[in-house]
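Novice: how does the following fold in three dimensions:
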Amino acid sequence: MNSDRPASTNRYRTGMLGKNAPQERTRLESIQQSVDSRTIAIIQDLSITPSWRCLELGAGAGSIAYWLAGRCPDGEVVAVDIDTQHLDADRAANLVVQKADIIHEDYPPASFDLIHARYLLCHLPERDEIIERAAGWLAPGGWLVIEDPYQLPADTSPFPVVQRLMAAYERKYNEHGADLTWARGVPAVLARSGLGDVGFAGNLGCMGCLDKDRWFPLINQAGPSLVADGLITETDLQQFFDLLKDPAFVDIPQVTISVWGRRPALSADDGASIG
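Specialist: Just a heads-up that it's a prediction; the model follows:
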């Protein structure tokens, strides 16, 4: 890896998308409330066992790491984030909280039975490279699960203010090195990284009365920066917040695409050759 290239995660330490934003904890918890049940269902379908060693990348406020620690009492869960202030290392004896930049962090081969990353890799230009490295961290038979948003075209929203807001939102994220359409290609990236049994599923993201608390924290945090950059107006921002209060407002801005793939298990011949 080119050490002269600045870590793109530095852009997420401060500012609009920074971990130090006053509303960051609320934003993280709103995501957890909205999508944790879907994530848990996907991982449970992988036949998780109590002895699994798990790596949670971009652990956020920790809900999935805590759930994994409870589900794998005989194993270990490593929860990684560039800022761990929202993580509680004392929640479980088998939980390890690690402050690290995943762009540069590395782990020994065959270290984990499960690696999970949600709403993380879409933000990092090095995303494909990280997946290739993570595939090598899996133990034989281990699973890699990636979940990221696929942003629907902003101009297809039936609400003009949402069109303006989501176009500004995507532009701002792109300036930070994000790609909110990258998730479509994740199955192919996992396959190219040597993983098999690749599967995927989509979960529609709702904006409005059906999930009223999901988007307010995000736009409340990002909105002032979008206004300051001239991408939207204060009037746009207020119109959007008013829409969120409207019981008739429903829109679908994105789809969360969940993708999983498995490192091939050792065959009987492989075991014999190792022994």
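Novice: other residues contacting stretch 130-140?
Specialist: 53, 55, 57, 102-103, 106-113, 115, 117, 121, 124, 144, 146, 186, 189-190, 192-195, 261-266 (Cβ atoms under 8 Å, 6 or more residues apart in numbering). The C-beta positions use only the backbone N, C-alpha and C, and glycine is treated the same way.
Novice: tell me how far that stretch is from the chain's mean position?
Specialist: How far stretch 130-140 lies from its chain's middle: 17 Å, per Cα atoms, centre = their mean, to the nearest Å.
Novice: same question for that stretch, mean pLDDT?
Specialist: Stretch 130-140 shows a mean pLDDT of 97 in the predicted model.
Novice: still on that earlier bit, of the contacts of stretch 130-140, keep whichever come out buried.
Specialist: When the contacts of stretch 130-140 are checked for burial by 16 or more other Cβ atoms under 10 Å, the buried set is 53, 55, 57, 102-103, 107, 111-113, 115, 117, 121, 124, 144, 146, 186, 189-190, 193, 195, 261-263.
Novice: quick one: which of those sit in helices?
Specialist: 186, 189, 190 (DSSP state H).
Novice: how about the first one: what's its closest non-neighbour residue?
Specialist: The reference is to residue 186. The shortest distance from residue 186 to any non-neighbouring residue, by Cβ to Cβ, 6 or more residues apart in numbering, is to residue 259 (4.2 Å).
Novice: coming back round to it: now the ones in helices among the buried ones among the contacts of stretch 130-140 in CSV, with pLDDT and distance to residue 87?
Specialist: Formatted as CSV, these follow (pLDDT from 0 to 100; distance: Cβ to Cβ, whole Å):
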residue, pLDDT, distance to residue 87
186, 98, 25
189, 97, 27
190, 98, 27
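Novice: out of these, which comes closest to residue 204?
Specialist: residue 186 (17.4 Å; Cβ to Cβ).
Novice: so residue 204 bridges to which residues?
Specialist: Beta-bridge partners for residue 204, by DSSP bridges, are residue 255.
Novice: now do the same for it: its pLDDT.
Specialist: Reading off the model, residue 204 has pLDDT 92.
Novice: residue 33 and residue 217 touch, don't they?
Specialist: No: if you go by Cβ atoms under 8 Å, residue 33 and residue 217 don't touch, sitting 10.2 Å apart.
Novice: how about low-confidence regions in the chain?
Specialist: 1-20, 22, 210-212, 267-275 (pLDDT under 70).
Novice: give me that answer again for 50
Specialist: Residue ranges of the chain with pLDDT under 50: 1-8, 272-275.
Novice: any chance you could map the strands in this protein?
Specialist: With DSSP state E, the ranges of strands along the chain come out as 53-57, 76-81, 95-99, 112-118, 138-151, 196-208, 250-262.
Novice: in its sheet, which strands sit next to the third one, and in what direction?
Specialist: Spelled out, it's strand 95-99. Checking strand 95-99 against DSSP bridges gives partners strand 76-81 (parallel).
Novice: identify the residues contacting the partner strand?
Specialist: By Cβ under 8 Å, 6+ apart, strand 76-81 touches 19, 53-60, 62, 65, 68-69, 87, 92, 94-100, 102, 105, 112.
Novice: isn't residue 36 up against residue 64?
Specialist: Yes: Residue 36 is within contact range of residue 64, at 6.7 Å (criterion: Cβ under 8 Å).
Novice: thanks a lot, catch you later.
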